[in-house]
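**Q** one predicted model, sequence on top.
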Amino acid sequence: MRVMLRTLATLGLLASMLPLQACAQGDSQARSADGSPASPRVAAHPPGAAIASAHGLSTDAGMEIIAQGGNAFDAAVAVSSTLSVVEPISSGLGGGGFFLLHDARSGRDVFVDARETAPAAATPEAFLDANGELDRDRSVNGPWSAGIPGLPAALVHLAEQYGQLPLSKSLAPAIRIARDGFPVYERLASGYERRREVMERYRGSRELFLADGDPPKEGEVFRQPDLARTLELLAEKGHDGFYRGDVAGKLLAAVAEEGGQWEAGELAGYQVKERAPIQFDYRGWKVTTAPPPSSGGVAMAEILQVLEGWDLGELDAVHRTHVIAEAMRRAYRDRTLYLGDPDFVEMPIARLTSLDYAAGLRAGIHPEKATPSDLLPGQLAPLEDEETTHFSIIDAQGNRVSATQTVNLLYGSGMVAPGTGVLLNNEMDDFALRPGTPNAFGVMGYDANAPEPGKRMLSSMTPSFIESDDRVAVLGAPGGSRIITQVLLGILAYDEGMSPQEVAALPRIHHQWMPDTIAAEPGALDAATVRGLEAMGHTVSAGERQWGNLQTVSWDKRNDTLEGGTDPRNPVGKVGISGAASKVP
Ligand code: DON
């Protein structure tokens, strides 16, 4: 038994792995139902812990907590909070997220929904301009674009309900890094330049990002003392440390100062929701994924169950891409029409995720011709600003965390609440603020995703697990509407036997019904495949800029190896693995 080092070495990540440490030695001899040794041998517990996240400091923070005796859920608190400090472009205490958990002791899978909620003042009319059009500045910049944050409540919930360590320990790395600072990396600096005009509208953002007189520059140390204090209050007081008292007062004052409106009760009353994940089978894998208010799990079930009708490995590139795109198209149409917050809307989830429904969708796919998605005229401009972040964890007990967290677009609303270090999200743009008008990701919605007080906006975030008799993988990604298709391609790649690093690196394609186009990264489709797809009636946008930032870990139960994959599109991501020392081949 050994820890797979090949792909990490290829990425130059080997040197950054933590010192190897002892780990739980489970009974690695599985038994069959009659008590005789199962054949072949599969391990009962992973040989250590593995974490993949989008920044080296957040992976290190998680490994530090594992080394202190924390489990995957404690490590998730450390990784999540550290990402909130080192990746303000992507996620933070002012945003929200989804945490898919597997609790090894009970065998239970649970989805912790820490999605932002709509403030009561944010009615659909509040987002329309004088001509009745969507006011795009309001929907993505400043106080109106922000929902009531959910991430701090998730950290408290994970620690209290699932962790083994107090928040004072699991938040310690984030507090330290916020106080002492960390070196600015390229994406942070270039992202600031892209959002600069908006961010410098707000006093709190100027005080934080222009503290030394100019914007963050690559290599200089970025410190966030107010955020360190906010995290300390969360560690000391739990939920109340953020949602009541000093921090809450400052958030309310900041929103009011910039012309928005939040009520104290909306903060004090914020709660995470535990929901049952979406689960289904695909070619021998049990897939566990995100339920509404994510659209990811429903779409994933539709796509994979449609694709189960073909042996993708037997198809040529043109026909393989054709059927994948056609399945994606149909799932994204259903996302647009039916999905929203389950606490507010009735949704035909059972039907949409049924095998019969998939069979019906499959029957409508012409083997040689694209089905036009002809409702929306014109092509939408490709998205420029996109962020969000995902991390994946497996620990030595077999606990798992798949978490995607976000402030929505790059640097969220651009607005920091003075004195808190908290950058507010711009998640309100994920609602269908004006029915049928595409949002920043080009996806639309209707009544099911209209804003209402306290409602959660529909998301594409799709933290997932897949599990077969001999392998477990945890995966997820950012990328707005392109999240679902990234995770889907990741699952297909795992099914084809790829390593986690190959899964993370794989060139991507995407179809979201509207615009009616197959988007493809450079290298995803060769010229002949593009010509073949065009001959079937597809519009192909080949060679688009790259997207996504997939982070994945897997445990191979047969040879008891842990392996991780971090997206090479993001040079600062990192995989950490512990426990190899106790597992000599
Ligand atoms: O919840 C969602 O679907 C979006 N707010 C996620 C935003 C995102 O992934 C940004 N892009 N990388």
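**A** Cool, got the structure.

**Q** up against the ligand, what does this structure have?
**A** Within the chain, the positions adjacent to the ligand are 386-388, 406, 408, 427, 430, 459-461, 478-480, 483 by C-beta under 6 Å from any ligand atom. C-betas here are computed from N, CA, C, even on glycine.

**Q** how about 5 Å then?
**A** 386-388, 406, 408, 430, 459-461, 478-480 (C-beta under 5 Å from any ligand atom).

**Q** could those go into JSON lines alongside pLDDT, neighbour count and distance to Lys574?
**A** Listed next are these as JSON lines, based on pLDDT from 0 to 100; neighbours: other C-beta atoms under 10 Å; distance: C-beta to C-beta, whole Å:
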{"residue": "Glu386", "pLDDT": "61", "neighbour count": "23", "distance to Lys574": "21"}
{"residue": "Glu387", "pLDDT": "82", "neighbour count": "23", "distance to Lys574": "18"}
{"residue": "Thr388", "pLDDT": "96", "neighbour count": "29", "distance to Lys574": "18"}
{"residue": "Thr406", "pLDDT": "98", "neighbour count": "31", "distance to Lys574": "20"}
{"residue": "Asn408", "pLDDT": "97", "neighbour count": "32", "distance to Lys574": "24"}
{"residue": "Asp430", "pLDDT": "97", "neighbour count": "30", "distance to Lys574": "29"}
{"residue": "Ser459", "pLDDT": "98", "neighbour count": "29", "distance to Lys574": "25"}
{"residue": "Ser460", "pLDDT": "97", "neighbour count": "29", "distance to Lys574": "25"}
{"residue": "Met461", "pLDDT": "98", "neighbour count": "29", "distance to Lys574": "21"}
{"residue": "Pro478", "pLDDT": "97", "neighbour count": "27", "distance to Lys574": "16"}
{"residue": "Gly479", "pLDDT": "95", "neighbour count": "26", "distance to Lys574": "19"}
{"residue": "Gly480", "pLDDT": "95", "neighbour count": "27", "distance to Lys574": "23"}
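
**Q** show me where the stretch 451-585 of the chain has strands.
**A** With strands called from DSSP state E, counting those that start in this stretch, the stretch 451-585 of the chain shows them at 464-467, 471-476, 509-510, 518-520, 540-541, 551-556, 561-566, 574-577.

**Q** the stretch 1-150 of the chain now?
**A** With DSSP E, counting those that start in this stretch as the criterion, the stretch 1-150 of the chain has strands spanning 50-53, 96-103, 108-114.

**Q** and the longest one, what does it pack onto?
**A** Here strand 96-103 touches helix 72-86, strand 108-114, helix 151-161, strand 285-289, strand 400-406, strand 464-467, going by 3 or more C-beta pairs under 8 Å, 6 or more residues apart in numbering; DSSP states H and E.

**Q** next one: stretch 220-227 to chain centre, how far?
**A** Stretch 220-227 has its C-alpha centroid displaced from the chain centroid by 25 Å (C-alpha atoms, centre = their mean, to the nearest Å).

**Q** can you get me the start-to-end distance on it?
**A** Taking C-alpha to C-alpha, to the nearest Å, the first and last residues of stretch 220-227 lie 18 Å apart.

**Q** count the neighbours of Tyr202 for me.
**A** Tyr202: 25 surrounding residues under other C-beta atoms under 10 Å.

**Q** for it, list the residues it contacts.
**A** 142, 258, 414-416 (C-beta atoms under 8 Å, 6 or more residues apart in numbering).

**Q** also Leu231?
**A** Contacts of Leu231 (C-beta under 8 Å, 6+ apart): 81, 85, 93, 171, 174-175, 178.

**Q** same thing with Phe391?
**A** Contacts were defined as C-beta under 8 Å, 6+ apart; by that measure Phe391 touches 51-54, 58-59, 62, 76, 79-80, 83, 401, 403, 476, 551.

**Q** doesn't it fall inside a strand?
**A** Yes: assessed with DSSP: H, G, I helix; E, B strand; the rest coil, Phe391 lies in a strand.
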